[in-house]
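Enquirer: attaching a predicted model along with its sequence, questions to come.
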Amino acid sequence: MDLVWALLGILSGMMIALQGPINAQLAQALGMPLAAAAANFVAGSVVLILITFVLARVQGVAIAWHMPPSWMFLAGGCLGAAFVTSALILTPKVGAAATMAFIVTGQLLAGLLLDRLGYFDLVVRELTLGRVTGAVLLVVGALLISTS
């Protein structure tokens, strides 16, 4: 099962790499990066809503609409919008590989911090020499990719 999760992670990363250049072209066609990011979120929202209702119906599950704290909606939406907008601005300027290298590096650094602090109900994981070394190597790799 670990292989399945690893492959899903790799596939997700490939989708993110495709999303940047596609959104950058959309931004160019629309004349504004924010318009492309907005279009991205509208299209994604429609698809996710449809899939949610289809799966709920197929599985015979009633969708429970418990209202979580409003900050969760705001934070998730703002973070997603900032990410998509940044990626579509960066991609034509530094290239797809460098953009992905910086994104993955940022994800790893934030992930290490979140794991260490145990925020959002995450299990606390210590910063080991192996984890720090991996992060340093990723930072160096991202810099090499962006300067080569």
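Expert: The structure has been received and is ready for your questions. Only a predicted model underlies this, so the values are computations on that prediction, with no experimental measurement involved.
Enquirer: low-scoring stretches of the chain, by residue?
Expert: Counting by pLDDT under 70, the chain has low-confidence residues at 1.
Enquirer: again, only using 50
Expert: Judged by pLDDT under 50, the chain has no weakly predicted residues.
Enquirer: now the longest helix belonging to it: buried residues?
Expert: If you go by DSSP state H, the chain has its longest helix at helix 2-30. Counting neighbours by 16 or more other C-beta atoms under 10 Å, one finds that the buried residues in helix 2-30 are 16-17, 19-21, 23-24, 26-27. (Glycine included, C-beta is placed from N, CA and C.)
Enquirer: swap in stretch 104-114?
Expert: Neighbour counts over stretch 104-114 (16+ other C-beta under 10 Å) mark 104-105, 108, 112 as buried.
Enquirer: try stretch 133-148
Expert: So, applying 16+ other C-beta under 10 Å, buried residues of stretch 133-148: 135, 138-139, 142, 145.
Enquirer: switch the residues you listed over to a markdown table; also include secondary structure and distance to residue 80.
Expert: Shown next, in a markdown table, are the buried residues of stretch 133-148 (DSSP: H, G, I helix; E, B strand; the rest coil; distance: C-beta to C-beta, whole Å):
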| residue | secondary structure | distance to residue 80 |
| --- | --- | --- |
| 135 | helix | 24 |
| 138 | helix | 23 |
| 139 | helix | 24 |
| 142 | helix | 22 |
| 145 | helix | 24 |
